[in-house]
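Trainee: coords please:
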Amino acid sequence: MRPYAHHPALRARQVAADVGVAAWVVLWVLLARVVHGAVLVLAEPGRAVEDLGSSVAGSMSSAAEAAGRVPVVGDELAAPLESLGGAGRSVGGAGQAAQDAAGTLAGVLAAVLVVLPVGWALLRWLPWRLRWAREARAAGRLAVADPQVLAARALATAPLPRLARLPAGTAAAWRDGDPEATRALAGLELDRLGLSPPPVSR
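Mentor: Purely as a prediction, here's the structure:
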């Protein structure tokens with residue numbers, strides 16, 4: 001299957017469209033990465049809060065353990081310190097939750113920034129390229145196996161100015177089975193697809 005047309009003008013359009021779509025995809029992927037990194041900055045305060053909570057919890061746990069070893073009043077001294085350690089762990093959990101929320105937001109925004117614009121471009125570009133590829137493949141086979149089909153299609157769909165540029169009587173000659181007229185009409189359809197006619201067998 002040919003990826004590009006023979007004719008330079010159409011081939012240039014196809015190459016430009018392919019390069020443009022590739023550049024569009026790269027642009028939005030890079031932009032999504034920048035946005036992802038920028039949103040992850042929001043996780044820094046959460047990380048600081050988590051570190052603070054962990055530090056407080058660790059310090060209070062150590063203090064409670066030391067206070068618990070004090071004779072007679074150790075349990076009474078350790079209880080408030082253990083409560084402070086639990087509060088520190090709660091603060092650390094809140095910091096972790098803030099980081100998770102920032103990470104989720106960064107991932108969602110990055111995905112949306114890639115999926116929507118890239119999907120829009122692919123929905124416009126891919127059908128056009130696939131349709132040309134299918135038509136070019138079929139036209140290439142018919143040009144060799146049954147050019148009459150291409151000639152009939154050209155008579156039915158080719159713009160009138162292009163038909164008018166053919167020699168007078170081309171349609172009548174085609175109906176009479178003239179191979180030159182058939183090649184001329186089939187050439188119009190091949191030209192529409194940017195394809196060159198097959199070599200004439202001798």
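
Trainee: Any figure for the gap between the residue most central in space within the chain and residue 38?
Mentor: For the chain, the residue nearest the mean C-alpha position is residue 118 (3.9 Å; C-alpha atoms, centre = their mean). With distances taken as C-beta to C-beta, to the nearest Å, residue 118 is found 20 Å from residue 38. Backbone N, C-alpha and C define where each C-beta goes, glycine included.

Trainee: now residue 82: how far from residue 108?
Mentor: 39 Å.

Trainee: With neighbour numbers in mind, choose between these two.
Mentor: Per other C-beta atoms under 10 Å, whichever of residue 82 and residue 108 has more neighbours is residue 82, with 18 against 12.

Trainee: Surely residue 6 and residue 198 touch.
Mentor: No: with contacts counted by C-beta atoms under 8 Å, residue 6 stays clear of residue 198, the gap being 11.2 Å.

Trainee: can you list the residues that contact stretch 28-42?
Mentor: 98, 102-103, 105-107, 109-111, 113-114, 117-118 (C-beta atoms under 8 Å, 6 or more residues apart in numbering).

Trainee: Write the PyMOL selection for whichever of those are buried.
Mentor: Buried members of those, defined by 16 or more other C-beta atoms under 10 Å, are picked up in PyMOL with:
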select buried, resi 98+102+103+106+110+113+114+117+118
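
Trainee: got the contacts of stretch 28-42 as TSV, with secondary structure, pLDDT and distance to residue 187 columns?
Mentor: What follows is the contacts of stretch 28-42, written out as TSV (DSSP: H, G, I helix; E, B strand; the rest coil; pLDDT from 0 to 100; distance: C-beta to C-beta, whole Å):
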residue	secondary structure	pLDDT	distance to residue 187
98	helix	78	69
102	helix	84	62
103	helix	86	60
105	helix	89	58
106	helix	89	56
107	helix	91	54
109	helix	91	53
110	helix	92	50
111	helix	93	48
113	helix	91	47
114	helix	93	44
117	helix	95	40
118	helix	94	38
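
Trainee: burial count for the nearest residue to residue 147 once chain neighbours are set aside?
Mentor: Among residues not flanking residue 147 along the chain, residue 186 sits closest, at 4.2 Å (C-beta to C-beta, 6 or more residues apart in numbering). Neighbours of residue 186 under the rule other C-beta under 10 Å: 25.

Trainee: so who does residue 186 touch?
Mentor: By C-beta under 8 Å, 6+ apart, residue 186 lies in contact with 142-143, 147-148, 150-151, 154, 197.

Trainee: how about those, which pair is most distant?
Mentor: The span of the contacts of residue 186, defined through C-beta to C-beta, is set by 148 and 197 at 14.1 Å.

Trainee: All set now, cheers.
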